[in-house]
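Pasting a predicted model and its sequence here:
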Amino acid sequence: MKKLIIIQTVVPDYRNLFFERLKDVLKDQFELYAGNNSFEISIKTQSKNHKKLKNHFLFNRKLLFQTKIWHLLFKDDVIVLELNPRIISNWIFLIIRKILSKPTILWGHAWPRNGKKSKSDILRNLMRKLGDKIIVYTHQQKKELQEKMPDKNILAAPNALFKSNNMVYESKPSAKNLIYVGRLAGRKKVFFLVKAFHKSLDLIPEDAKLIIVGDGEEKEKIQQYTNRYHLTNRIQLLGHISDYNSLKELYHHAIFSVSPGYVGLSITQSFGFGVPMLISRNENHSPEIEAVKEHENALFFKTDDMDDFAQKLQNIYQSKEEWLKKRKKIIDFCKQNYSIEAMAQVFINLVK
């Protein structure tokens, strides 16, 4: 029987449950290869269940060439590569395996970060043509890409972080905090969130806190700001947390999560705990934005507008009971569409 072999740049901790699910189902039919660091050096492999490859970054980490994988090149197994034109070794795999009619699948974003009209999509489209199948992150991306490539076999495996039985909620009357989970990077606009929350303090309950979970280059700047304005009792920087029970406790005491910059995977994590999200409207959001149902599981505020952020925050606390009642519906929606089991099944079907 053919194996499923997935080659990654890194395996961050949020992917562990997904790959564990593949291993549990496929057993010896599954192999995972990954290096230590990604293009963004702060993104690192945090897995013990993978075979190590070597990442060689070139031109100030703009390009990547991977080694310790070349014994896989001529295998008849199903190999899944990242849909990323910056990985030079993937081009070699695709071209040679295409000539030899070996099954090679591409997995990733359908479009470049700047959208489907980006000039860089010319190169990405050439890579897409070389793959036997393409797996994208959302049903919307599948639909859009199918229109561009009607003869290509395109599958959707919506990004998931939790198993169905780990998606639980508590409608705690005491839930009052805001929570941000993600990298403390400029594009994520966490410093804006801190300043906007500071400006909103007179409009929200005195015991409501902003909980920030994550690490990154802006951590020190945020810490200095909270110290300068004596906000350490209202804004807590907890660093990176991956433990499920710790995150569950933090989310269950939150009335809303927040995405002050572009939305990423944290949205399905938030919905997995039944917590709605307050989102900056005009951002170059990741595909996970398709999970949003405005006024049902999310609200938007005007991008970079502290006054509108404060107004939306005040409205949230005034409507607290209504939002707490929505938690079960938010969880049920996430279980149906964004579970580890559903995501993994798309990959399992490649060899079963």
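Perfect, I can see it now.

which residue sits closest to the residue minimising distance to the centre of the chain, ignoring its sequence neighbours?
Closest residue to the average C-alpha location of the chain: Leu265 at 2.5 Å, with C-alpha atoms, centre = their mean. In space, and not counting its chain neighbours, Leu265 is closest to Asn159: 5.6 Å by C-beta to C-beta, 6 or more residues apart in numbering. Placement of C-beta: from N, CA and C, glycine included.

circling back to that earlier point, can I assume the residue nearest to the centre of the chain is in contact with Leu161?
Yes - Leu265 lies in contact with Leu161 (C-beta atoms under 8 Å); the separation is 6.5 Å.

which residues are in contact with both of the two?
Tyr14 (C-beta atoms under 8 Å, 6 or more residues apart in numbering).

and the residue nearest to the centre of the chain, what pLDDT?
Listed pLDDT for Leu265 reads 89.

roughly how far apart are it and Arg86?
Separation of Leu265 from Arg86 (C-beta to C-beta, to the nearest Å): 20 Å.

do Asp243 as well
32 Å.

more neighbours, those two?
Of the pair Asp243 and Arg86, Arg86 is the one with more neighbours under other C-beta atoms under 10 Å, namely 17 against 9.

what ranges do the helices span in the stretch 251-352 of the chain?
Ranges of helices in the stretch 251-352 of the chain, per DSSP state H, counting those that start in this stretch, are 266-272, 306-318, 320-325, 327-337, 340-348.

Figure out which of those is closest to Phe256.
Among these, the nearest to Phe256 by C-beta to C-beta is helix 306-318 (5.7 Å).

so what secondary structure elements neighbour the closest one?
helix 190-199, strand 254-259, strand 277-280, strand 298-301 (3 or more C-beta pairs under 8 Å, 6 or more residues apart in numbering; DSSP states H and E).

can you pull the buried residues of it?
Neighbour-count burial for helix 306-318, counted by 16 or more other C-beta atoms under 10 Å, picks out 306, 308-310, 312-313, 316-317.

Likewise for stretch 15-28?
Within stretch 15-28, the residues that count as buried by 16+ other C-beta under 10 Å are 15-19, 21-23, 25-26.

And the contacts of stretch 12-27?
Identification of contacts with stretch 12-27 by C-beta under 8 Å, 6+ apart yields 3-4, 6, 8, 11, 30, 32, 38, 43-47, 49-50, 160-163, 242, 265, 269, 340-341, 343-344, 347-348, 351-352.

One more pass at 6 Å, please.
4, 30, 32, 43, 46-47, 161, 242, 340, 344, 348 (C-beta atoms under 6 Å, 6 or more residues apart in numbering).

do stretch 132-148 as well
With C-beta under 6 Å, 6+ apart, stretch 132-148 has contacts from 103-107, 110, 128, 153-159, 287, 290.

Domain-wise, how is the chain divided?
4-157, 165-337 (automatic domain parsing).

chain center to the shortest one: distance?
Right, the one you point to is domain 4-157. Taking C-alpha atoms, centre = their mean, to the nearest Å, the mean C-alpha location of domain 4-157 is offset from the chain mean by 15 Å.

same question, the last one
Taking C-alpha atoms, centre = their mean, one finds domain 165-337 lying 15 Å from the centre of the chain it belongs to.

First-to-last residue distance for it?
Using C-alpha to C-alpha, to the nearest Å, one end of domain 165-337 lies 14 Å from the other.

Need the buried residues of stretch 15-28 in TSV (columns: pLDDT, secondary structure and distance to His252).
What follows is the buried residues of stretch 15-28, written out as TSV (pLDDT from 0 to 100; DSSP: H, G, I helix; E, B strand; the rest coil; distance: C-beta to C-beta, whole Å):
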residue	pLDDT	secondary structure	distance to His252
Arg15	95	helix	24
Asn16	95	helix	22
Leu17	94	helix	19
Phe18	97	helix	23
Phe19	97	helix	27
Arg21	97	helix	24
Leu22	98	helix	29
Lys23	97	helix	30
Val25	97	helix	30
Leu26	98	helix	34
